[in-house]
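Visitor: Provided below are the primary sequence and the corresponding predicted coordinates.
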Amino acid sequence: MNITLLVIQHIDHEEPDLICKVAAEHGMQIRTIRPDQGEELPDPHKCPDTIALVLGGPMGVNERFSEELSWLNQELKWLSTWHRLEKPVLGICLGAQLLAQAAGGSVETLRVGEPPQRLKEVGIGAIHWLKKSSEETLLLGLGTSMLVLHWHGDRIQLPEDATLLGSSLHCAEQIFRIGRHAIGMQCHLEVTESNLERWIEADHAYILSALGPGGVNRLRNDWDRLGMHLQESGERLFNNVFRQLKDICSS
């Protein structure tokens, strides 16, 4: 069976990176669509043997009603139909937020402490698993925790039928699934070393606002020490994801 990975990309530098490498190893064909550039999404009813990959971006789900982001509201409607049809989908960061919203959840600003203060979660940090791998095949080979790249300032409020799988210290809703067909990741494991500098250049001001004047060097140094480990963990997780989502395509 020829499976297509339908990549929905929202900004130049937030590419599928490592996910495309793993998808190619699974024999998938890659098709990329840019709704932000006016490209139309396909009719969900006419997409057999297709896994949707909805990527991230600096825009927020709650900005979708602004005139310049009308395409994002249309994408959310499209994703709502895709989800209702129980077609396989993986959402990353903004994509995970869109997926949660499409399934009946919501998105709000990430705040911590008392009184609550806004937090931008940026940099390499740990998430811990809330399920055992014996209960969740998505977590096979991943131990009890994993390092990931954080790059966000919002928090997902999951729909009631979601299963939360992974949390970080400051943001509980990191990795989740809805049924077996929909998987969301607030964090990033798809970023490769060759593309990290493009992220830093594009989001330089955002990094400074989150981590202060030493934030960029800290991020680079952390990647030098830990980036290879992130890549290896990411490959294991994305392999687990595709094994599950490919089964849905064939069922």
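Guide: Received the coordinates, thanks.
Visitor: Identify all contacting residues around stretch 69-77.
Guide: Stretch 69-77 is contacted from outside by 8, 10, 35-36, 38, 41, 54, 59, 61, 63-65, 98, 101-102, using CB atoms under 8 Å, 6 or more residues apart in numbering. Where C-beta positions appear, they are placed from N, C-alpha and C, glycine not excepted.
Visitor: Please enumerate the helices of the protein.
Guide: With DSSP state H as the criterion, the chain has helices at 18-25, 70-84, 94-102, 193-202, 204-211, 215-250.
Visitor: looking at those, which is closest to N2?
Guide: helix 215-250 (9.9 Å; CB to CB).
Visitor: That closest one vs helix 204-211, what angle?
Guide: 100 degrees (axes from the mean of the first three to the mean of the last three CA atoms, to 10 degrees).
Visitor: name the helices or strands packed onto helix 215-250?
Guide: helix 18-25, strand 50-54, strand 89-92, strand 121-129, strand 145-152, strand 182-185, helix 193-202, helix 204-211 (3 or more CB pairs under 8 Å, 6 or more residues apart in numbering; DSSP states H and E).
Visitor: Can you check the pLDDT for the residue lying closest to F238 once chain neighbours are set aside?
Guide: Spatial nearest neighbour of F238, chain neighbours left out: V22 (4.3 Å); criterion: CB to CB, 6 or more residues apart in numbering. In this model, V22 is scored at 97, pLDDT.
Visitor: Next, work out how far apart V22 and I3 are.
Guide: V22 sits 13 Å away from I3, going by CB to CB, to the nearest Å.
Visitor: circling back to that earlier point, okay, now the residue nearest to F238: neighbour count?
Guide: Counted with other CB atoms under 10 Å, the neighbours of V22 add up to 21.
Visitor: Please report how far F238 lies from N73.
Guide: 29 Å.
Visitor: between the two, which one's more packed in?
Guide: Comparing F238 with N73 by other CB under 10 Å, the one with more neighbours is F238, at 23 against 14.
Visitor: Cool, thanks, signing off.
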